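Chemist: Predicted model, plus sequence, below.
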Amino acid sequence: MTTVAPPTGAAQVPFRLDIAGLNLSLGGRQVLSDVALNVTERRVGIVGRNGSGKSTLARLMAGLIAPDAGRVQINGIDVLKDRRGALRAVGILFQNPDHQIIFPTVEEELSFGLRQLGQSKRAARDGARTMLARFDRLDWAERAVATLSQGQRHLVCLMAVLAMEPSVIVLDEPFSGLDIPTTRALHHHLAGITPALIHITHDPAAIAGYDRVIWIDEGSVRADGPPGSVLGTFTTEMTRIAEEGASCLL
Ligand SMILES: Nc1ncnc2c1ncn2[C@@H]1O[C@H](COP(=O)(O)OP(=O)(O)OP(=O)(O)O)[C@@H](O)[C@H]1O
């Protein structure tokens, strides 16, 4: 398995997320209600039932959608108002890499974000190749993205986000649909990276070793604290709901 060395000096990258009074309705339904969070921990998990509002929160954290009320700041940058600042502050990885990849070749895909940050064509190409080399994938530079597997495309997305050196990366269930070895390889890559991580997942084991876990329930924060206590309560509640559902079917 490839070991990924964090870039020198990057361990000092600051991270602070401040969410205040976040409210959002979609399709006439309140999806998030009064979400307020202050986060400085570098490994944070988010759990919650299907439809509880996790992905919506992830998009708000990345400044991809606007709330009805409230604001999201990362390192003091309002991610909605300062789009250039937000590109440096936060990266996001979606469940489906095909929702993210827009260029035909791997190098073009990795260069794009760097061009958005204002780098010259040459600097962006060099940055893309440096990132590919870090992951021992320099041979992918000219490769057509369409010829890569789903797991390999996930890795392309991860490298593209990392190349931009954001303070934090939001992971929106990036491992669903991947086999165990691919999932482990991506976990391994993530364990070695410098940016803070906010990781949305349905797998409590994936975030058991994190610094903090936030449980989103029906658009609000239901529990927030160390993984030991939050994941314990969450799992007990999910099991109770599942058993209740099963007994209804009998
Ligand atoms: N564009 C939209 N228009 C209307 N309703 C939406 C829209 N996007 C999301 N919703 C609704 O908002 C709620 C929260 O959706 P969201 O995708 O944030 O949930 P989630 O917690 O990420 O769920 P899952 O675990 O299933 O991915 C759901 O009820 C969903 O149907």
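Modeler: Yes, it's here. Residues are numbered from 1 along each chain as shown.

Chemist: Give the closest residue to residue 37 in space, chain neighbours not counted.
Modeler: residue 19 (4.4 Å; Cβ to Cβ, 6 or more residues apart in numbering). Using the backbone N, CA and C atoms, a C-beta is placed for each residue, glycine as well.

Chemist: Identify, by residue count, the longest helix of the chain.
Modeler: If you go by DSSP state H, the chain has its longest helix at helix 227-249.

Chemist: List the buried residues for that helix?
Modeler: Residues of helix 227-249 classed as buried by neighbour count (16 or more other Cβ atoms under 10 Å): 227, 230, 231, 234.

Chemist: do that helix and the ligand meet at all?
Modeler: No - Helix 227-249 lies apart from the ligand when judged by Cβ under 6 Å from any ligand atom; the minimum separation is 12.1 Å.

Chemist: Relative to residue 73, which of the buried residues of helix 227-249 is nearest.
Modeler: Checking those against residue 73 with Cβ to Cβ, the nearest one is residue 230 at 23.8 Å.

Chemist: Could you report the separation of that closest one from residue 241?
Modeler: 16 Å (Cβ to Cβ, to the nearest Å).

Chemist: circling back: any chance of the buried residues of helix 227-249 in a markdown table with pLDDT and distance to residue 28 as columns?
Modeler: Conversion of the buried residues of helix 227-249 to a markdown table gives the following (pLDDT from 0 to 100; distance: Cβ to Cβ, whole Å):
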| residue | pLDDT | distance to residue 28 |
| --- | --- | --- |
| 227 | 96 | 35 |
| 230 | 97 | 31 |
| 231 | 96 | 33 |
| 234 | 95 | 29 |
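
Chemist: Which per-residue confidence value corresponds to the residue nearest to residue 37?
Modeler: Per-residue pLDDT puts residue 19 at 98.

Chemist: How about the one 4 residues further on?
Modeler: According to the model's per-residue confidence, residue 23 sits at a pLDDT of 98.

Chemist: hang on, it packs against residue 36?
Modeler: No - taking contacts as Cβ atoms under 8 Å, residue 23 lies outside contact range of residue 36: 10.5 Å.

Chemist: any residues in contact with both of the two?
Modeler: Any residue near both residue 23 and residue 36 by Cβ atoms under 8 Å, 6 or more residues apart in numbering counts here, and that gives residue 70.

Chemist: Can you name every helix or strand that the helix or strand of the chain with the lowest mean pLDDT contacts?
Modeler: Ranked by mean pLDDT, DSSP states H and E, the weakest helix or strand in the chain is helix 180-191, scoring a mean of 79. Contacts defined by 3 or more Cβ pairs under 8 Å, 6 or more residues apart in numbering; DSSP states H and E place helix 180-191 against helix 150-163.

Chemist: Just the C-alphas of the helix it packs on, formatted as PDB.
Modeler: Below are the C-alpha coordinates for helix 150-163, written out as PDB (Å, rounded to 0.1, in the frame of the first residue of the first chain):
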ATOM      1  CA  GLN A 150     -14.900   4.000  -9.500                       C
ATOM      2  CA  GLY A 151     -12.300   3.700  -6.700                       C
ATOM      3  CA  GLN A 152      -9.600   5.200  -8.900                       C
ATOM      4  CA  ARG A 153     -11.900   8.100  -9.800                       C
ATOM      5  CA  HIS A 154     -12.500   8.700  -6.100                       C
ATOM      6  CA  LEU A 155      -8.700   8.900  -5.700                       C
ATOM      7  CA  VAL A 156      -8.500  11.400  -8.500                       C
ATOM      8  CA  CYS A 157     -11.100  13.600  -6.700                       C
ATOM      9  CA  LEU A 158      -9.200  13.300  -3.500                       C
ATOM     10  CA  MET A 159      -5.900  14.300  -5.200                       C
ATOM     11  CA  ALA A 160      -7.600  17.200  -7.000                       C
ATOM     12  CA  VAL A 161      -9.000  18.500  -3.600                       C
ATOM     13  CA  LEU A 162      -5.700  18.000  -1.800                       C
ATOM     14  CA  ALA A 163      -3.800  19.800  -4.600                       C
END
